[in-house]
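Enquirer: need a structure here:
(one chain, ligands or ions: 2)
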Amino acid sequence: MHSPLITLNNGIKIAQLGLGVFEEDFDVSKTKEAVKKALEVGYRHIDTAAVYRNEEEVGKALKEADVAREEIFVTTKVWNTDQGFDNALKAYDRSLKALQLDYIDLYLVHWPVKEKRKDTWKALEKIYKEGRVRAIGVSNYLVPHLEELETYANVVPAVNQIEHTPFCNMNSTHLKCKQMGIALESYSPMVRGLKKDHPILKEIAAKHQRSTFQILIRWALDNGVITIPKSSSSERIRNNFEVLDFRLGIDDLKALSTLHDGTRVADDPMDYL
Ligand SMILES: NC(=O)C1=CN([C@@H]2O[C@H](COP(=O)(O)OP(=O)(O)OC[C@H]3O[C@@H](n4cnc5c(N)ncnc54)[C@H](O)[C@@H]3O)[C@@H](O)[C@H]2O)C=CC1
Ligand SMILES: O=CCc1c[nH]c2ccccc12
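Expert: Ligands and ions are numbered 1, 2, ... in the order given. As a prediction, the model looks like this:
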């Protein structure tokens with residue numbers, strides 16, 4: 001089974017459920033096998049970033065896997081210290097080389113670095129207009145960042161990748177993205193396991209005979225959001241993909257909407273105003 005596809009604002013399609021590959025301890029020794037396993041299970045969307053230091057391992061996995069390049073959607077991101085016009089152009093070329101690819105599917109501004117984000121966006125627009133990347137987007141952009149971007153962007157971002165879970169829902173950003181035609185993508189969808197024993201999650205999981213991890217992934221999918229759960233264990237990579245044969249009910253979604261308590265695992269993008 002393959003993930004449903006979402007059509008981005010420039011017509012290109014992305015698998016709604018992908019694999020994240022960020023290792024918190026930067027031990028990238030498991031990345032290659034994780035990506036190969038994911039492709040074997042049916043994933044067709046891989047999310048990396050220059051700062052994860054594993055683009056080379058992702059590239060090796062893509063080469064070794066028995067799946068055609070054009071079937072796989074690869075995202076990477078320009079890191080904060082590489083922002084600015086010239087630096088971002090160079091960072092894109094470095095990522096291409098590390099990934100051993102001649103194009104990237106989606107290139108994101110990783111964080112909205114003040115004083116740099118406008119020039120960084122202009123660099124991404126240049127790469128896009130030259131036809132060297134299939135789509136460009138942003139990450140960790142909240143409503144104020146998007147309102148500012150509207151004043152200078154000639155290309156509307158295809159995607160905004162943010163932390164968005166029942167515990168830290170970004171509903172106002174989601175609404176703004178919908179208004180602008182930007183697809184929302186949620187990172188850390190399983191809150192890195194921090195909420196695995198939450199009683200309401202456990203109750204919904206028991207009802208559906210699923211894990212609480214699967215319920216959180218399904219929550220993103222049922223909200224129309226692209227999502228990229230991470231694991232480097234073969235069994236978990238498979239389990240996290242086994243969410244395509246059920247849906248949450250209205251009562252489940254209502255119960256999950258009460259869980260917002262502000263818990264986040266990444267930095268707060270409000271610190272980047
Ligand atoms: N744009 C950005 O600033 C950010 C992007 N990301 C992206 O999102 C991806 C996913 O987010 P993460 O922060 O990695 O968090 P996540 O919510 O996907 O959790 C990953 C962790 O949950 C645990 N886990 C995964 N599957 C499990 C299972 N079936 N059973 C038990 N435990 C399980 C493992 O400890 C794993 O390391 C990243 O790998 C990265 O690609 C993550 C953080 C920030
Ligand atoms: O994108 C993922 C998480 C993240 C946020 N800040 C840093 C810094 C260095 C590596 C990864 C990350």
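
Enquirer: quick one: residue 85 and residue 118 touch, right?
Expert: No: the pair residue 85 / residue 118 is not scored as a contact, 9.2 Å apart, by C-beta atoms under 8 Å. Bear in mind the C-beta positions are built from the backbone N, C-alpha and C, glycine included.

Enquirer: Run the chain-centre distance for stretch 229-246.
Expert: With C-alpha atoms, centre = their mean, to the nearest Å as the basis, stretch 229-246 stands 15 Å off its chain's centre.

Enquirer: so how far is the first residue of that stretch from its last?
Expert: 17 Å (C-alpha to C-alpha, to the nearest Å).

Enquirer: Pull out the buried residues from that stretch.
Expert: Residues of stretch 229-246 classed as buried: 229-232, 234, 236-241, 243-244 (neighbour count, 16 or more other C-beta atoms under 10 Å).

Enquirer: check whether that stretch contacts ligand 2.
Expert: No: Stretch 229-246 does not reach ligand 2 (C-beta under 6 Å from any ligand atom); its nearest approach is 9.7 Å.

Enquirer: Please work out which residues outside that stretch touch it.
Expert: Residues from elsewhere that reach stretch 229-246 (C-beta atoms under 8 Å, 6 or more residues apart in numbering): 1, 3-4, 17, 19-23, 30-31, 33-34, 37-38, 41-43, 189-190, 208, 210-211, 213-214, 217-218, 221.

Enquirer: One more pass at 6 Å, please.
Expert: For stretch 229-246, contacts defined as C-beta atoms under 6 Å, 6 or more residues apart in numbering pick out 1, 20, 22, 30, 34, 37-38, 41, 189-190, 208, 214, 217-218.

Enquirer: Repeat that for stretch 259-268.
Expert: 163, 166, 167, 168, 169, 188, 192.

Enquirer: Helix, strand, or coil at the last one?
Expert: Under DSSP: H, G, I helix; E, B strand; the rest coil, residue 192 falls in the helix class.

Enquirer: what sits against it?
Expert: Each residue near residue 192 by C-beta under 6 Å, 6+ apart is listed here: residue 265.

Enquirer: mind checking pLDDT for it?
Expert: pLDDT recorded at residue 192 is 98.

Enquirer: Phi, psi for the closest residue in space to residue 126 that isn't next to it in sequence please.
Expert: Spatially, and ignoring its direct neighbours in sequence, residue 126 is nearest to residue 89 (7.0 Å; C-beta to C-beta, 6 or more residues apart in numbering). Main-chain dihedrals, residue 89, degrees, to the nearest 10: phi -60, psi -40.

Enquirer: Can you get me a residue count around residue 26?
Expert: Other residues lying near residue 26 total 10 when counted by other C-beta atoms under 10 Å.

Enquirer: no, scratch that, I was asking about residue 196
Expert: Other residues near residue 196 number 16, with proximity taken as other C-beta under 10 Å.

Enquirer: Just the buried residues of stretch 229-246: which are in helices?
Expert: Among those, DSSP state H puts 234, 236, 237, 238, 239, 240, 241 in helices.

Enquirer: Need the pLDDT of the residue of the stretch 51-200 of the chain found nearest ligand 2.
Expert: Here the stretch 51-200 of the chain gets closest to ligand 2 at one residue, residue 51, 4.4 Å apart by C-beta to the nearest ligand atom. For residue 51, the pLDDT comes out at 98.

Enquirer: How about the residues of the stretch 1-150 of the chain by ligand 1?
Expert: 20, 21, 22, 47, 110, 139, 140.

Enquirer: just checking: which of these also lie near ligand 2?
Expert: residue 22.

Enquirer: is it true that residue 74 touches residue 105?
Expert: Yes: if you go by C-beta atoms under 6 Å, residue 74 and residue 105 touch, sitting 5.1 Å apart.

Enquirer: where do the helices sit along the protein?
Expert: So, for the chain - with DSSP H - the helices run 31-41, 55-64, 85-99, 117-129, 143-152, 171-180, 199-208, 212-222, 234-241, 250-256.
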